[in-house]
Structure formats: C-alpha cells, structure tokens
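A.B. asks: take this sequence and fold it.
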Amino acid sequence: MTYYRVDDNGIYILAYKTPDGTIKKVPRVNLIKFPLKDNLTWQDEGEDMTLNSKLEALAEPVTTKAGSFKNCIKIQRTGTNYPKSLEFIGYYAPGVGLVKFEVVSVREGVKRETKGELVNFGR
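C.D. replies: Down below sits the predicted model:
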C-alpha cells in the first residue's frame, strides 16, 4: 500500500507499507507536477539521490492486459548518486493512475530491470 497527497502543485508520495506491515515515510517526491504541460520538468530530493523528472507526453495511448487507455501522461524520471542510478518511465491514465512502468536501476554494480502493467481494472 502506498500513501499519496494531492494538492494544487501535484501528486506526492508520502509513505508506503513494507511487506512486514511497517509504514515507511519517504522524502516528499512530486510524482506528477501540476499544471500539466508539454515538456514540464522538475527536480526532487529522493531518499538517496536527486530525481530529475520530465512530463514527456500528455495524450499517450497505452495498452495493458487490463485494456487500452487513452490520454495517458508519460513521465520519465532519472537519478544518479554514484554508484547508484535510476531510470523510470511511467504511464498514468486519467481516473486510474499508474497503468504501466519500466525501471532500470543500478546499485553496487548490479543492474536490475523491472517492468509492470495493470492487469485488471473494473470500470
């Protein structure tokens, strides 16, 4: 479970629940910055690195196992704090949230790639 905050400036992640049930607070990271506009960029301080974000598309069609979604926003996020790095691309559908993502991270010389998508959604 993840806890968010929404205000006039955007959508923020505040905390998440770990598998053992502990609530872990995180630095305030702006997941989506308002107002939405082409090529909007912003920067946040993550737990252990500076995150640079860019809104790359405002009306991207995305297809997942849960179906097709119109007008998704595409956000690219990168961060580096040698020897760690992160690349994230996320697609957010109106009225739904994150529907598809790709993450490439490197930590202690180990590269990890993760992909995910929405598989079920009741409309």
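A.B. asks: give the buried residues for the least confident helix or strand in the chain by mean pLDDT.
C.D. replies: The weakest-scoring helix or strand in the chain, judged by mean pLDDT, DSSP states H and E, is strand 23-33 (a mean of 88). Neighbour counts over strand 23-33 (16 or more other Cβ atoms under 10 Å) mark 29-33 as buried. (Glycine included, C-beta is placed from N, CA and C.)
A.B. asks: neighbouring contacts of that strand?
C.D. replies: 3-4, 9-18, 40, 42, 44-47, 51, 53, 55, 73, 75, 92 (Cβ atoms under 8 Å, 6 or more residues apart in numbering).
A.B. asks: pull out the buried members of those residues.
C.D. replies: For the contacts of strand 23-33, a burial check counting by 16+ other Cβ under 10 Å picks out 10-13, 40, 42, 44, 51, 53, 55, 73, 75, 92.
A.B. asks: so where's the protein shaky on pLDDT?
C.D. replies: Within the chain, the stretches with pLDDT under 70 are 123.
A.B. asks: would you map the strands across this structure?
C.D. replies: With DSSP state E as the criterion, the chain has strands at 2-7, 10-17, 23-33, 41-45, 50-64, 67-81, 84-93, 97-107, 110-117.
A.B. asks: report all helices and strands that the fifth one contacts.
C.D. replies: Using 3 or more Cβ pairs under 8 Å, 6 or more residues apart in numbering; DSSP states H and E, the elements in contact with strand 50-64 are strand 23-33, strand 41-45, strand 67-81, strand 84-93, strand 97-107.
A.B. asks: same deal with the last one?
C.D. replies: With contacts defined as 3+ Cβ pairs under 8 Å, 6+ apart, the secondary structure elements packing on strand 110-117 are strand 97-107.
A.B. asks: and the angle for the strand it packs on with strand 23-33?
C.D. replies: 110 degrees (axes from the mean of the first three to the mean of the last three Cα atoms, to 10 degrees).
A.B. asks: over to residue 8: give its phi and psi.
C.D. replies: phi -60, psi -20 (degrees, to the nearest 10).
A.B. asks: look up how far residue 34 lies from it.
C.D. replies: 6 Å (Cβ to Cβ, to the nearest Å).
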